[in-house]
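J.: please work out how this folds:
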Amino acid sequence: MAQLKKYSFDAYKQEFICDNVNYFYKILDMENDKNPDVIIETIKEFVRTEGKPVSTSQLRNIYDVIIDEKNHLKAKFFRPKLAYIAARQNKRGAKEFIMMLDELLKEVNSDSQFRNFKLFFEAIVAYHKYHFNN
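T.: Modelled structure (predicted):
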């Protein structure tokens, strides 16, 4: 019997390792990274391997709220809504995928980091649509 994949925030962070560098920690500063293509390709691969349980419409619903916010402190108040959305997920891995967004949003400490969070989220939505088109 195949072992079920363990979904957790730590497991998701491991998905961002490329050439022994953990790009997860560079997401919130990707505008300043000298090689953003590596981060973008890592995000693309992450969504391909981990994003299927979440529907495109669910991601768009979250994205539509986040993208209009300008202030990183006000965006923090969206975290309870993420928890609510995650709790409503029925597919294995969907809840954890959404809570990964919550964990990353928790790390945002400036408007600049929030801009990068939105770029990350935009890439998630785009590559999810590209890979799963649902």
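
J.: helices of the chain, start to end?
T.: Applying DSSP state H to the chain gives helices spanning 9-14, 36-50, 56-68, 72-75, 79-87, 94-107, 111-132.

J.: run the chain-centre distance for the second one.
T.: Meaning helix 36-50. The chain centre lies 10 Å from the centre of helix 36-50; the measure is Cα atoms, centre = their mean, to the nearest Å.

J.: which secondary structure elements does it contact?
T.: With contacts taken as 3 or more Cβ pairs under 8 Å, 6 or more residues apart in numbering; DSSP states H and E, helix 36-50 sits against strand 17-18, helix 111-132. Where C-beta positions appear, they are placed from N, C-alpha and C, glycine not excepted.

J.: next one: the fourth one
T.: In terms of contacts (3+ Cβ pairs under 8 Å, 6+ apart), helix 72-75 is packed against helix 111-132.

J.: between helix 36-50 and the helix it packs on, find me the angle.
T.: 50 degrees (axes from the mean of the first three to the mean of the last three Cα atoms, to 10 degrees).

J.: make residue 1 into 49 and carry on from there
T.: Sure thing, new numbering starts at 49, so read that last one as helix 159-180.

J.: what lies in contact with helix 159-180?
T.: 75-79, 88, 91-92, 95-96, 99-100, 102, 104, 107-108, 110-111, 114-115, 117-120, 123, 149, 152-153, 155-156 (Cβ atoms under 8 Å, 6 or more residues apart in numbering).

J.: buried sites along it?
T.: By neighbour count with 16 or more other Cβ atoms under 10 Å, helix 159-180 contains the buried residues 161-169, 171-176, 179-180.

J.: that helix to helix 142-155, inter-axis angle?
T.: Going by the same axes, to 10 degrees, helix 159-180 makes 160 degrees with helix 142-155.
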